[in-house]
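Novice: task: produce atomic coordinates for the following.
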Amino acid sequence: MKSAKLMRDSIQTALSCDDILCDILLRLPPDTISKLIIVSKRWLQLICSHSFRHSYMSQWKVGSYLVGFFVCNSLYLGRPQGGIRRPRSEPALPVLSTTREGDDLKFSGILKRFGYFIDSCNGILLCGRHPKTYFVWDPVTKQEHKLPRPRVYFEELCMAFIVENCPDDNLCYKVIRAKCECRLEEVNRVTIETYSSKNTTWCYSTLTCSSPLSLCPWTVATVIGGVIHWFASRGKIAIFDPDHEEKRIGLVKLPGTFDFDEQVLGESSDGCLQYGWSNNSGLQIWVLEKEQGGYTSIFSTNKETNIRWNLRYKLNFKIMWKRNPTVTNTFSTRSKENGILSFLPCNSKSVFIRSGSNIFCYDFENEKVEAVQYEGKGSSILWDFSKVVPYFKPSWPQSSLCHAEKSINEL
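Specialist: Below you'll find the model as predicted:
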């Protein structure tokens, strides 16, 4: 009886120490962690804290959930003088909401201040109006950062957005603007400007490449493990590692031809670059082999690398709809234009597909098509000139108590 009491007391003493409790919680899988926030207010604050989240995500891979889709109309990007102006009736940052959280974001009115959607990373938004004004906004903490005006003017550009996992409450990120050459001839260098939240200034630099290249304007990079992947002209991918000692860009040729209706990049479930293309008859998904040392040979070699692409999936739209008659009859998809829309984050088995103004999620393993229900005027979207991008947020518990405590400490 006495030994049992001593054991209970020792357990309670151990759990009352934050360091010991953190060490125990770090050993539990993500689906268990999300259930433990109801144990007590102390456990809730501890699990939701930035320091614990930083430690946990360095050991575990946390999933994400779909909030909605952002629509970006390319007709208004880099609009020349006398070009097409956006009608006042059309919002600069349209949202196709799939959740109540997306509805709140859409009708809150806060998005009106940020201009156009550019990119998102780990739930953090990058918005603005090229080429002068950019905002970084955290929808959870409501932190808003207006970046200083860039030092260099680029007539045409592409972007990259990297959010780093910080152990404290500060938001750590990088925004990269890369110049896209408007001339007919290609050059073997790229001018970039990088803004870092750590030094709060724009830094100008020049990247070199062993082969001539030209980046595709008004596109956004796919970032995997801090490495940037841009679409380049003539069916190539430009790869840049900001942390590599040499400021070089590597080129990788895309598989097959490069005149497809739709092309997308994403991260596979095993952390590799995946590439998808589609025409009205079907799509293919390819994965780029990762070398043991990453992409070191791409930056160090004097010739274009021959890293191999592997075909992972091949899909015929006609067969897909035939195997899913209920969805086909409900949405009358047979007469509509089909195409790949986007990958899901860190996912190799599913992909978003558009048919007309409808969005579907296709699972390659069970060959099932599921309609994605959203709130918004999808029929009014100029799909030929618009990029519809899914907005995901990490599936991590959030608490207003943590933000309130931070605000009190700052007073």
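
Novice: and the longest strand seen in the chain, what does it pack onto?
Specialist: For the chain, the longest strand by residue count, based on DSSP state E, is strand 201-213. Packing partners of strand 201-213 (3 or more CB pairs under 8 Å, 6 or more residues apart in numbering; DSSP states H and E): strand 187-196, strand 236-240, strand 249-253. C-beta: built from backbone N, CA, C; applies to glycine.

Novice: so which bits of that strand are buried?
Specialist: 202, 207, 209-210, 213 (16 or more other CB atoms under 10 Å).

Novice: check stretch 22-33 too.
Specialist: 22, 25, 33.

Novice: repeat for stretch 91-106
Specialist: 92-99, 102, 105-106.

Novice: for the residues you listed, which one is nearest K336?
Specialist: Ranked by distance to K336 (CB to CB), the buried residues of stretch 91-106 are led by L96 at 17.2 Å.

Novice: on the three-state scheme, that closest one is what?
Specialist: strand (DSSP: H, G, I helix; E, B strand; the rest coil).

Novice: touching, it and G68? I think so.
Specialist: Yes: counting by CB atoms under 8 Å, L96 does reach G68; the two are 5.5 Å apart.

Novice: overlap of the contact sets of the two?
Specialist: 102, 374, 376 (CB atoms under 8 Å, 6 or more residues apart in numbering).

Novice: from the residues you listed, which one has the minimum pLDDT?
Specialist: Lowest-confidence member of those: G376, scoring 77 (pLDDT).

Novice: surely W43 is within a helix?
Specialist: Yes: counting by three-state DSSP, W43 falls inside a helix.

Novice: quick check, it in contact with I37.
Specialist: Yes: using CB under 8 Å, W43 is in contact with I37, at 6.3 Å.

Novice: which residue ranges of the stretch 51-200 of the chain form helices?
Specialist: Assigned by DSSP state H, counting those that start in this stretch, the stretch 51-200 of the chain shows helices spanning 100-107.

Novice: where does it dip in pLDDT?
Specialist: 75-84, 89, 167-169, 182-186 (pLDDT under 70).

Novice: ok, the stretch 301-411 of the chain next?
Specialist: In the stretch 301-411 of the chain (pLDDT under 70), the answer is 301-306, 333-335, 377-379, 399-411.

Novice: please, where are all the strands along it?
Specialist: With DSSP state E, counting those that start in this stretch as the definition, the stretch 301-411 of the chain shows strands at residue ranges 309-316, 338-343, 350-355, 358-363, 368-371, 386-394.

Novice: all helices of the stretch 251-400 of the chain, in order?
Specialist: Counting by DSSP H, counting those that start in this stretch, the helices of the stretch 251-400 of the chain are 296-300, 317-322, 325-331, 400-410.

Novice: quick one: average pLDDT of the shortest one?
Specialist: Confidence for helix 296-300, expressed as mean pLDDT, is 63.

Novice: related to what we said a few turns ago, quick check: what element follows the longest strand of the chain along the chain?
Specialist: For strand 201-213, the following helix or strand on the C-terminal side (DSSP states H and E) is strand 222-224.

Novice: tell me the strands beside that following strand, with direction?
Specialist: strand 227-232 (antiparallel) (DSSP bridges).

Novice: from the chain's centroid, how far away is the partner strand?
Specialist: 13 Å (CA atoms, centre = their mean, to the nearest Å).

Novice: what comes up buried for it?
Specialist: Quick answer for strand 227-232 (16+ other CB under 10 Å): 227-232.

Novice: so how far is Y313 from S269?
Specialist: Distance, S269 to Y313, by CB to CB, to the nearest Å: 13 Å.

Novice: F352 now?
Specialist: 14 Å.

Novice: and these two? Which one has more around it.
Specialist: Between F352 and Y313, counted using other CB atoms under 10 Å, F352 has the larger neighbour count: 20 against 17.

Novice: for the more buried one, give me its contacts.
Specialist: Contacts of F352 by CB under 8 Å, 6+ apart are 340-344, 359-362, 372, 390.

Novice: at 7 Å what do you get?
Specialist: For F352, the contacting residues are 341-342, 359, 361, 390, by CB atoms under 7 Å, 6 or more residues apart in numbering.

Novice: looking at those residues, which one is closest to W60?
Specialist: Distances from W60 to these, taken by CB to CB, are shortest for P390, at 22.7 Å.

Novice: how near is that closest one to I110?
Specialist: 20 Å.

Novice: same drill for these two, tell me which one is more crowded.
Specialist: P390 (22 against 15).

Novice: surely the more buried one meets V71?
Specialist: No: P390 lies out of contact with V71 (CB atoms under 7 Å); the separation is 11.1 Å.

Novice: distance check, the nearest residue to D103 once chain neighbours are set aside against C121.
Specialist: Setting aside the residues directly before and after it, D103 is nearest to S97 in space (CB to CB, 6 or more residues apart in numbering), at 4.9 Å. From S97 across to C121, the span is 20 Å (CB to CB).

Novice: could you do D261 as well?
Specialist: For D261 relative to C121 (CB to CB), the value is 27 Å.

Novice: before we move on, the earlier item: and the residue nearest to D103, what are its bridge partners?
Specialist: Bridge pairing for S97 - DSSP bridges - gives G68, E375.

Novice: list the contacts of it.
Specialist: Contacts of S97 by CB under 7 Å, 6+ apart are 68, 103, 106, 374-376.

Novice: so which of the residues you listed comes closest to L283?
Specialist: The nearest one, if we look at these relative to L283 and count by CB to CB, is Y374, at 21.3 Å.

Novice: so who does that closest one touch?
Specialist: So Y374 contacts 68-69, 96-98, 359 (CB under 7 Å, 6+ apart).
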